[in-house]
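**Student:** Any chance you can model this:
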Amino acid sequence: MTTKIIGLIRLQDPSAFEIYRSQVGATVERYNGSVVARGTCDKVYWNELACGEFDAFVELSFPTANDADRWANSPEYQAIIPIRTKAIALTLFRIHS
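**Tutor:** Residues are numbered from 1 along each chain as shown. Reported below is the predicted structural model:
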């Protein structure tokens, strides 16, 4: 069963974001994942969960939940979290469908 990861992104530092974005894809691919879609937020209809405002989103796909978890906890991804923290505020969650 395919596992999706969705990220809601609020941009904080555009130059740091470019560095993060140039590195994160390789960490996803290393754990059998792919970037399915990414884009900017055009309009929010409801935000009843108060998850915070966001500018963009990303959708990742992994063959299994185990692959997704291995990626999220991997040393490769953990190594770029300091860049991510400077670049963006992130809400990241896993979906089973």
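**Student:** Can you check what pLDDT the model gives His96?
**Tutor:** Listed pLDDT for His96 reads 82.
**Student:** ok, now Val44?
**Tutor:** At Val44, pLDDT is 88.
**Student:** ok, it - how many residues close by?
**Tutor:** 8 (other CB atoms under 10 Å). Every C-beta, even on glycine, is put in place using the N, C-alpha and C of the backbone.
**Student:** Glu76 versus that one, what's the distance?
**Tutor:** Distance of Val44 to Glu76, given as CB to CB, to the nearest Å: 32 Å.
**Student:** Next: Arg38.
**Tutor:** Applying CB to CB to Arg38 and Glu76 gives a distance of 19 Å.
**Student:** Kindly report the same for Ala26.
**Tutor:** For Ala26, the distance to Glu76 equals 8 Å [CB to CB].
**Student:** For Thr40, see how far away the closest residue to Ala89 other than its chain neighbours is.
**Tutor:** Excluding its sequence neighbours, the residue lying closest to Ala89 (CB to CB, 6 or more residues apart in numbering) is Arg10, at 4.2 Å. For Arg10, the distance to Thr40 (CB to CB) stands at 12 Å.
**Student:** Show me where this protein has its strands.
**Tutor:** 3-11, 34-40, 56-62, 88-96 (DSSP state E).
**Student:** The last one: how far from the chain's middle?
**Tutor:** The reference is to strand 88-96. With CA atoms, centre = their mean, to the nearest Å as the basis, strand 88-96 stands 6 Å off its chain's centre.
**Student:** Which positions in it come out as buried?
**Tutor:** By 16 or more other CB atoms under 10 Å, the buried positions in strand 88-96 come out as 88, 90.
**Student:** Understood, closing this out.
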